[in-house]
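Asker: Sequence first, then the predicted structure:
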Amino acid sequence: MEQAAPAEPINRIRYDMNAASRTINFTLNGEAVTAEVAPHHSLVEILQHQFDLTGARESCGQGLCGCCTVLVDGRAVSGCLFLAAFADGAEVVTVEHLGSRERLTDVQEAFIETGGFQCGFCTPGFVLMTHQLLEEHPDPDEDTIRHYLSGNLCRCAAYPEIVAAVKLAARKRKQA
């Protein structure tokens, strides 16, 4: 009796190219890059599979949790819903581009100082959204912070610490 080939794991993303794939060019974290994308590939898939950038993570797959947040042309998008083909010609920034091990950004420092994270899964999305928030609203009040970050979910419920981190980051920016 012939054995059937093992089934592909259900949670594994099928990452193959087909005749409809195309080459796109964009700026990724300050560098010009090229990627092969199929029409159904999301930006977060391309970032993970072709560039080994894992800060943006697919969690809900519906654009509801903010874990996959990346900046495209300066605006936060849900990388799980944003088709990679739409990044052609765009500037894409991921959390990996902010700061460095030697020099954290004011937002990253504030998240550490306030404990604005627990498990850390949602932290990259919150950090990117906070950077964007403070660009648009340098001195946000608590209602503005909560409204702006409402698209990001923290399953550990570190919300008070996250709000404190945003306020601290705003103060740090004023002092700089």
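Answerer: Now that the structure is in, tell me what you want to look at. Residues are numbered from 1 along each chain as shown.

Asker: So in terms of bridging, what pairs with the residue positioned nearest the centre of the chain?
Answerer: By CA atoms, centre = their mean, the chain has its centre lying nearest to T69, at 2.9 Å. T69 forms beta bridges with S78, as assigned by DSSP bridges.

Asker: just use 4 as the starting number from now, easier for me
Answerer: Sure thing, new numbering starts at 4, so read that last one as T72.

Asker: Please tell me how far it sits from V98.
Answerer: According to CB to CB, to the nearest Å, T72 and V98 sit 8 Å apart. Bear in mind the C-beta positions are built from the backbone N, C-alpha and C, glycine included.

Asker: got any residues that touch both of the two?
Answerer: 59, 127-128, 131 (CB atoms under 8 Å, 6 or more residues apart in numbering).

Asker: Pick out whichever of the residues you listed sits closest to A161.
Answerer: Distance to A161 across these (CB to CB) is lowest for G128, with 12.8 Å.

Asker: contacting residues around the closest one?
Answerer: 59, 68-72, 98, 155.

Asker: ok, E61 touching H44?
Answerer: No - taking contacts as CB atoms under 8 Å, E61 lies outside contact range of H44: 11.9 Å.

Asker: More neighbours: which of the two?
Answerer: Of the pair E61 and H44, H44 is the one with more neighbours under other CB atoms under 10 Å, namely 21 against 18.

Asker: pretty sure H100 contacts E34?
Answerer: No - counting by CB under 8 Å, H100 stays clear of E34, with 9.5 Å between them.

Asker: the more surrounded of those two?
Answerer: Legend: neighbour count by other CB under 10 Å for H100 and E34, higher for H100 (17 against 9).

Asker: before we move on, back to that, contacting residues around the residue nearest to the centre of the chain?
Answerer: So T72 contacts 59, 79-82, 127-128, 131-132, 155 (CB under 8 Å, 6+ apart).

Asker: From those residues, which land in helices?
Answerer: Using DSSP state H, the subset of those located in helices is 127-128, 131-132.
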